[in-house]
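Student: compute the structure for the input listed below.
(one chain, ligands or ions: 1)
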Amino acid sequence: MADTDGIKEAKLFYADRPQKTEGFFLKGSNSLDWGMKNRLARIFNPDSGRTVMLAIDHGYFQGPTTGLERIDINILPLVPYADTLMLTRGILRSVIPPSVSKSIVLRVSGGTSILKELSNEEIAVDIEESIRLNVCAMAVQVFIGGEYERQSIINMTRMVDIGTRFGIPTLAVTAVGKDMARDAQYFRLACRICAELGAHYIKTYYVENDFETVTASCPVPIVMAGGKKIPELDALTMAYNAVQQGASGVDMGRNIFQSEVPAAMLKAVRAVVHDNASPAAAFDLYNTLKNQS
Ligand code: R5P
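Tutor: Presented below is the predicted three-dimensional model:
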């Protein structure tokens with residue numbers, strides 16, 4: 001039983017100091033509940049307001065793609081340098097040690113392969129799994145303009161509804177529909193639809209022209225998708241331009257794990273995202289680390 005005698009008199013009330021009411025650092029996220037904000041603050045670094053997500057979920061529709069043949073050998077050594085891992089529950093359970101304390105973004109849509117129409121996805125993971133696996137967000141593909149556009153949008157809104165019940169944010173991943181031009185007009189449309197329908201943050205591609213209009217017209221954070229492997233300096237330049245033009249970080253896969261020296265590339269991307277390093281400085285860092293490896 002708790003002691004009731006000898007209790008010290010409480011006197012440190014600091015009556016002259018009003019309690020601070022902090023705004024939340026992330027764009028458009030101030031009205032979310034504590035659990036949502038806490039999860040987002042584990043994905044996005046509260047100091048820089050940005051994130052470096054390492055995307056390794058490709059196997060869910062592509063199988064063992066180049067660089068992801070052996071996640072235990074090729075990817076685990078990279079984990080310390082990422083803020084967040086984006087992956088499937090299969091890889092999480094079978095390969096990632098539970099002692100890893102990085103935030104996890106779980107791929108929850110699926111059901112198609114590269115052999116068929118990719119936009120024909122459904123929700124492929126129960127919310128109980130996301131809770132059980134202690135994830136910080138759930139990723140759903142949205143195919144604006146794709147054959148199964150409506151179905152993919154409804155997948156996302158369902159996850160927003162279910163995730164909101166449990167304080168788990170939903171990441172909408174904009175997959176470019178067939179015959180859609182990859183330009184700012186398309187991405188403004190895709191990102192805004194996802195945000196209007198409740199996505200907590202959005203993964204989308206960088207475009208050379210007017211990318212700042214994509215970020216400006218999207219009321220929630222955008223992370224830049226990496227896309228196909230391009231030369232390291234080009235990928236660093238793309239990441240630099242994206243964050244300077246309003247992206248809240250990157251979610252890159254192939255441009256990291258298919259790099260000649262993935263750990264060096266990931267560290268260089270971090271310098272661009274968190275320290276505003278120029279592409280040239282980050283590329284120097286990449287080459288220095290590469291020569292040391
Ligand atoms: C696809 O749309 C998925 O989200 C990918 O599996 C992945 O996240 C793409 O990453 P990246 O294009 O940077 O290789």
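Student: quick one, phi/psi of Arg192?
Tutor: The main-chain torsion angles of Arg192 are listed as degrees, to the nearest 10 and equal phi -70, psi -40.
Student: now the one 10 residues further on
Tutor: Here the main-chain torsion angles of Ile202 (degrees, to the nearest 10) amount to phi -140, psi 140.
Student: tell me how many other residues crowd it.
Tutor: Ile202 is flanked by 28 other residues according to other Cβ atoms under 10 Å. Heads up, the C-betas are built off the backbone N, CA and C, glycines and all.
Student: what do you get for Pro231?
Tutor: That count, for Pro231 with other Cβ under 10 Å as the rule, works out to 11.
Student: return the distance of the helix of greatest length in the chain from the chain's centre.
Tutor: Across the chain, the longest stretch assigned as helix under DSSP state H is helix 149-166. The chain centre lies 17 Å from the centre of helix 149-166; the measure is Cα atoms, centre = their mean, to the nearest Å.
Student: using CSV, write down the CA coordinates of that helix.
Tutor: Coordinates of each C-alpha in helix 149-166 appear next as CSV, following Å, rounded to 0.1, in the frame of the first residue of the first chain:
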residue,chain,number,x,y,z
GLU,A,149,-8.6,3.9,-60.0
ARG,A,150,-11.8,3.8,-58.0
GLN,A,151,-10.9,0.6,-56.2
SER,A,152,-7.4,1.8,-55.3
ILE,A,153,-8.8,5.1,-54.0
ILE,A,154,-11.4,3.2,-51.9
ASN,A,155,-8.6,1.0,-50.6
MET,A,156,-6.9,4.1,-49.3
THR,A,157,-9.9,5.7,-47.8
ARG,A,158,-10.7,2.4,-46.0
MET,A,159,-7.2,2.4,-44.5
VAL,A,160,-7.6,6.0,-43.4
ASP,A,161,-10.8,5.2,-41.6
ILE,A,162,-9.5,2.0,-40.0
GLY,A,163,-6.1,3.6,-39.2
THR,A,164,-7.7,6.6,-37.6
ARG,A,165,-9.5,4.3,-35.1
PHE,A,166,-6.1,3.1,-33.9
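Student: no more questions from me, cheers.
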